[in-house]
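Colleague: Here is a sequence together with a model predicted from it:
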Amino acid sequence: MSKQSPVIAPSILSADFARLGEDIAKALAAGGDWVHFDVMDNHYVPNLTMGPMVLKALRDYGITKPIDVHLMVKPVDRIVPDFAKAGASLISFHPEATEHVDRTIGLIKDAGCQAGLVFNPATPLNWLDHVLDKLDLVLIMSVNPGFGGQKFIPQALEKLRRVRRLIDESGRPIRLEIDGGVTADNIGEIAAAGADTFVAGSAIFGAADYQTVIGKMRAAIG
Ligand SMILES: O=C(CO)[C@@H](O)[C@H](O)COP(=O)(O)O
Ligand SMILES: [Fe+2]
């Protein structure tokens, strides 16, 4: 199984919260493929963002592209059905934040969403043992979770290469996503390491022209 078609997912953590729907629609019209929706609880990570009501409001506003929910919350399970009902397409969670990783994957799938598992910079990949075949996406964090605008941690590249091999060996169409410090300058090297799904927050929403930066990213991915 080779890599899947590239997806660029603007992280709305860096969008204009005072006019969220409008700013996201602008990033999607400029070439963004998915919406990356960062959920932080001031418990699992030291920051607080948004919940299922905001996601539903975005669907009601007319956002129809896939919404990729990145849960940085603990516990995980009780909030999963609420995000599914609100219109999430894919829900990813951190293995350290739940008691039963396999059960949480099952809950996400039973709720009708795709499931992803997220690896912090220091989280070992052996959490993938026994569950890789049940996943739709593996997300490698290239910053410590909690904030946008941080610098890319280069050790993530070796982790991407290792997960790419595991995914290829599995023969399943599992996406490999990278999140944190992704820019038009480093995205080529990240793609070469095996990622096919690219989250970018500050690099897109901090740019004067979203279309230009997304175009540069696509050209660098090749
Ligand atoms: O999950 C997170 C941070 O915890 C990310 O999704 C960031 O929001 C990405 O932002 P940039 O590093 O691209 O600015
Ligand atoms: Fe994220």
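Modeller: Thanks, I have the structure now. Ligands and ions are numbered 1, 2, ... in the order given.
Colleague: Leaving aside the residues adjacent along the chain, what's closest to His130?
Modeller: Asp102 (7.4 Å; Cβ to Cβ, 6 or more residues apart in numbering). Yep, even glycine has a C-beta here, placed from its N, CA and C like the rest.
Colleague: pLDDT at that neighbour, what is it?
Modeller: With respect to pLDDT, Asp102 scores 98.
Colleague: Next: Val45.
Modeller: Per-residue confidence (pLDDT) for Val45: 98.
Colleague: Please determine how far it is located from ligand 2.
Modeller: 10 Å (Cβ to the ion, to the nearest Å).
Colleague: OK, contacts around that residue?
Modeller: By Cβ atoms under 8 Å, 6 or more residues apart in numbering, Val45 lies in contact with Met72, Pro145, Gly146.
Colleague: hang on, the residue nearest to His130 in a strand?
Modeller: No: the assignment for Asp102 (DSSP: H, G, I helix; E, B strand; the rest coil) gives helix, which keeps it out of a strand.
Colleague: residues in contact with it?
Modeller: Counting by Cβ under 8 Å, 6+ apart, Asp102 touches His130, Val131, Lys134.
Colleague: of the residues you listed, buried ones?
Modeller: Taking 16 or more other Cβ atoms under 10 Å as the criterion, what is buried in the contacts of Asp102 is Lys134.
Colleague: count of neighbours near the residue in the chain that ligand 2 sits nearest to?
Modeller: At 3.7 Å from ligand 2, His70 is the closest residue in the chain, using Cβ to the ion. For His70, the neighbour count with other Cβ atoms under 10 Å is 27.
Colleague: That one: which element?
Modeller: Element membership of His70 [criterion: DSSP states H and E] is strand 67-72.
Colleague: Please enumerate residues in contact with that strand?
Modeller: Residues contacting strand 67-72 (Cβ under 8 Å, 6+ apart): 9, 34-41, 44-45, 55, 58-59, 79, 83, 87-94, 97, 116, 118, 139, 145-146, 177, 179, 199.
Colleague: partners of that strand, with directions?
Modeller: Applying DSSP bridges, strand 67-72 is found paired with strand 35-40 (parallel), strand 90-93 (parallel).
Colleague: Mind giving me the packing neighbours of whatever helix or strand comes next after it?
Modeller: Using DSSP H and E, the helix or strand that follows strand 67-72 towards the C-terminus is helix 80-86. On a contact count with 3 or more Cβ pairs under 8 Å, 6 or more residues apart in numbering; DSSP states H and E, helix 80-86 meets helix 52-61, strand 90-93, helix 101-110.
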